[in-house]
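> only geometry, no sequence info:
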């Protein structure tokens, strides 16, 4: 959620361009199990909450219903909590609050996970680096961060098993001191993890290491590889996890609305307390008021912009940092094994991880301005290429970069702190304006705990009366309950991919790659997507070499608030992040299907193509880079 200057009023023609609701969100004859009138009434027990979320016939309410629920929140009948920002933390706050039986609304200026939450390292960190600081600095605060991160890592993986998994990460050692140092450190990490341990760390000889990671260099800095130490962290599909959280909140009864921004806050004249917000629907241009007892600001790097809507002279609390990642072909790293170098020649951390059939590498950490669409600089991309080159026995080429992106880490300071030395990667919750609770900082791994702290603060601020305490440590998101790694076999055995080819409909095999992709992306709801592929002749792949199906576009438009082409290529699928050029080639078909789902006219389709191409230009693939005589300029 990022505030921007108000645009000029939309003309009737312009309004029709952004018309997006046609009632197709509800399919297969399934109707919502509740109405807007019982929204926020709150289930009486965790069993009732779990049943609603895990119901495979549940339907996410259409966008128009969600907007109506927000409009219905009047001064006489306000929401308990209005969340501003639909990233990991904001969606987590909405999910936490609604499952406590509170009346909840959420608005996001762009799309769920459109900012930092879709541009992460994709790792669910257990905080191994914090442990090193805790030991050498005798810092109990850092040790507490490790315990918290380990607990939350376990929860994230358990709550979304289809989107998260354990990943072994290999650290190369080129002298025996490094072998002993890293082995002892990671054994201590295992000990601290205790029951939260994913798998035990271990040492591999140089020969074993090369067999596990064939592209690993046998020599580095004129030293021979002595072996590697492997430990386990978690990995996730961050944007789909974020969308799953938003949809889970919606199914549980929250009114969530993407492409809707706060333009100003509503205040009580007597107490000067924030009591709601003026909201603009960026698809229709319509503005409306939503009242709430408490507003939670979870806008990530943009939280200072939201705070300034309440007080233009407020003290900033965000220190933005840029993190750049690149995506390379799969042959740079083996499936199921990552490579992490804790300290390069200039002291930075670099890694190479398998992710969705490709290799993700990074990262940088540098000061950056806060922008809506941050772009990676060429020197940052080249730094990553040079850094990983030192540890591989293959040539790393700029021409192999399929996609590159930049994300903004919202490092936070407590506005009540007396100095700026309090900048950290831990989160901050504050209420520096009555009725406006801000939650920022932290990291993806700890989003659930951050959300719990924010909701606790909101309950205290608004004197709210939840029906129960926090339940999210015991709740799986939609698609997670009942899922297991073998679930894809049901899809492979029972469904066919019906494809249109040269004017004819031909059957295609629901191959293992497509079945696994659907199962991991949608969990137990994957059969809904497979049914669309079979029954509506949308079983064709969108891009060569990727298992993403046309049916997913229709499904996401109906069930996941996918309102633009960018929403699909960047967040509902990860094609823009995996392969910018493949995403560009898939765009016309994506727009064609979305146009059918949302009744777009030609003007809207042209607009979507233009905006999506501009968006993809910010992902610096080799095609978007400038070369001269084979070298990058």
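That came through, no problem. Keep in mind it's a predicted model, so treat the numbers as computed, not measured. Numbering: from 1, shown residues only.
> where are the low-confidence patches of the stretch 101-250 of the chain?
The model of the stretch 101-250 of the chain has no residue with pLDDT under 70.
> let's see it at 80
When the per-residue scores of the stretch 101-250 of the chain are filtered using pLDDT under 80, the ranges that remain are 129-130, 133-141, 220-221.
> one more: the stretch 401-550 of the chain?
In the predicted model, the stretch 401-550 of the chain carries pLDDT under 80 at residues 413-426.
> mind redoing it with 50?
By pLDDT under 50, the weakly predicted segments of the stretch 401-550 of the chain are 419-422.
> that one: strands as residue ranges?
Taking DSSP state E, counting those that start in this stretch, the strands of the stretch 401-550 of the chain run over residues 403-412, 427-433, 436-441, 496-501, 504-509.
> against which helices or strands is the first one packed?
Pointing back at strand 403-412 there. When contacts are defined as 3 or more CB pairs under 8 Å, 6 or more residues apart in numbering; DSSP states H and E, strand 403-412 packs onto strand 318-328, strand 436-441, helix 575-578. (Each C-beta comes from the backbone N, C-alpha and C, glycine too.)
> could I get these in TSV, plus columns for distance to residue 94 and mean neighbour count?
Rendered in TSV, the data for those read as follows (distance: least, CB to CB, whole Å; neighbours: other CB atoms under 10 Å):
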stretch	distance to residue 94	mean neighbour count
strand 318-328	22	23
strand 436-441	12	28
helix 575-578	24	26
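> quick one: closest of the ones you listed to residue 46.
Each of these has some distance to residue 46 by CB to CB; the shortest is strand 436-441, at 23.7 Å.
> now the helices and strands packed on strand 403-412 as TSV including distance to residue 97?
What follows is the helices and strands packed on strand 403-412, written out as TSV (distance: least, CB to CB, whole Å):
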stretch	distance to residue 97
strand 318-328	23
strand 436-441	11
helix 575-578	30
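> just so I know, which of those lies nearest residue 104?
If we rank those by CB to CB, the stretch that ends up nearest is strand 436-441, at 13.4 Å.
> in the stretch 151-300 of the chain, which spans are strands?
164-173, 202-205, 219-220, 223-224, 227-236, 255-258, 260-267, 274-281, 287-297.
> and what of the stretch 1-150 of the chain?
Read by DSSP E, counting those that start in this stretch, the stretch 1-150 of the chain holds these strands, from start to end of the chain: 79-84, 104-108, 123-124.
> now the first one: buried residues?
Yep, that's strand 79-84 we're talking about. If you call a residue buried by 16 or more other CB atoms under 10 Å, then strand 79-84 has these buried ones: 79-84.
> kindly indicate which of the residues you listed lies nearest residue 491.
Nearest to residue 491 out of the buried residues of strand 79-84 is residue 83 (CB to CB; 34.1 Å).
> who's in contact with the closest one?
By CB atoms under 8 Å, 6 or more residues apart in numbering, residue 83 lies in contact with 90, 93-94, 97, 104-107, 295-296, 298.
> so residue 609 touches residue 586, yeah?
No. Checked against CB atoms under 8 Å, the pair residue 609 and residue 586 is beyond contact range at 11.7 Å.
> more neighbours: these two, which one.
Using other CB atoms under 10 Å, the more surrounded residue of residue 609 and residue 586 is residue 586, with 26 against 15.
> host element of that one?
With elements delineated by DSSP states H and E, residue 586 resides in helix 580-598, which encompasses its position.
> now do the next helix or strand after that helix, average pLDDT.
Read in the C-terminal direction, the helix or strand following helix 580-598 is helix 602-617, with elements assigned using DSSP H and E. Helix 602-617 shows a mean pLDDT of 97 in the predicted model.
> got the buried residues for helix 602-617?
By neighbour count, with 16+ other CB under 10 Å as the criterion, the buried positions of helix 602-617 are 604-605, 607-608, 612, 615-616.
> please apply the same query to stretch 52-66.
Buried residues in stretch 52-66, defined by neighbour count with 16+ other CB under 10 Å: 52-54, 58-63, 65-66.
> kindly check the end-to-end length of stretch 551-570 for me.
Chord length of stretch 551-570, first to last residue, is 16 Å (CA to CA, to the nearest Å).
> what pLDDT, on average, does it get?
Taken as a whole, stretch 551-570 has a mean pLDDT of 98.
> now it, how far from the chain's geometric center?
How far stretch 551-570 lies from its chain's middle: 15 Å, per CA atoms, centre = their mean, to the nearest Å.
> and for stretch 601-616?
23 Å.
> go on, stretch 491-498?
Centroid separation for stretch 491-498 versus its chain: 29 Å, with CA atoms, centre = their mean.
> quick one: buried residues of that stretch?
Neighbour counts using 16+ other CB under 10 Å place 491-492, 495, 497-498 of stretch 491-498 among the buried residues.
> again, but for stretch 405-418
By neighbour count on 16+ other CB under 10 Å, the buried set for stretch 405-418 is 405-415.
> coming back round to it: what's the most distant pair in the buried residues of stretch 52-66?
When CB to CB is used, the two most widely separated members of those are 54 and 63, lying 23.2 Å apart.
> ok, what's across the strand from residue 172?
Applying DSSP bridges to residue 172 yields these beta-bridge partners: residue 228.
> need the contact list for it.
Taking CB under 8 Å, 6+ apart as the criterion, residue 172 is in contact with 209, 216-217, 220, 225, 228, 339, 341, 391.
> in helices, which of the residues you listed fall?
In helices, judged by DSSP state H, the following of those are found: residue 209.
> just put the contacts of residue 172 in a markdown table and tack on distance to residue 47 and neighbour count.
Output for the contacts of residue 172, formatted as a markdown table (distance: CB to CB, whole Å; neighbours: other CB atoms under 10 Å):
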| residue | distance to residue 47 | neighbour count |
| --- | --- | --- |
| 209 | 48 | 24 |
| 216 | 49 | 24 |
| 217 | 54 | 17 |
| 220 | 55 | 17 |
| 225 | 54 | 20 |
| 228 | 46 | 27 |
| 339 | 44 | 26 |
| 341 | 47 | 19 |
| 391 | 50 | 21 |
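> out of the contacts of residue 172, which is nearest to residue 577?
Using CB to CB, residue 339 is the member of those that sits closest to residue 577, with 19.6 Å.
> wait, residue 369 touches residue 320, no?
Yes. With contact defined as CB under 8 Å, residue 369 and residue 320 form a contacting pair (7.1 Å).
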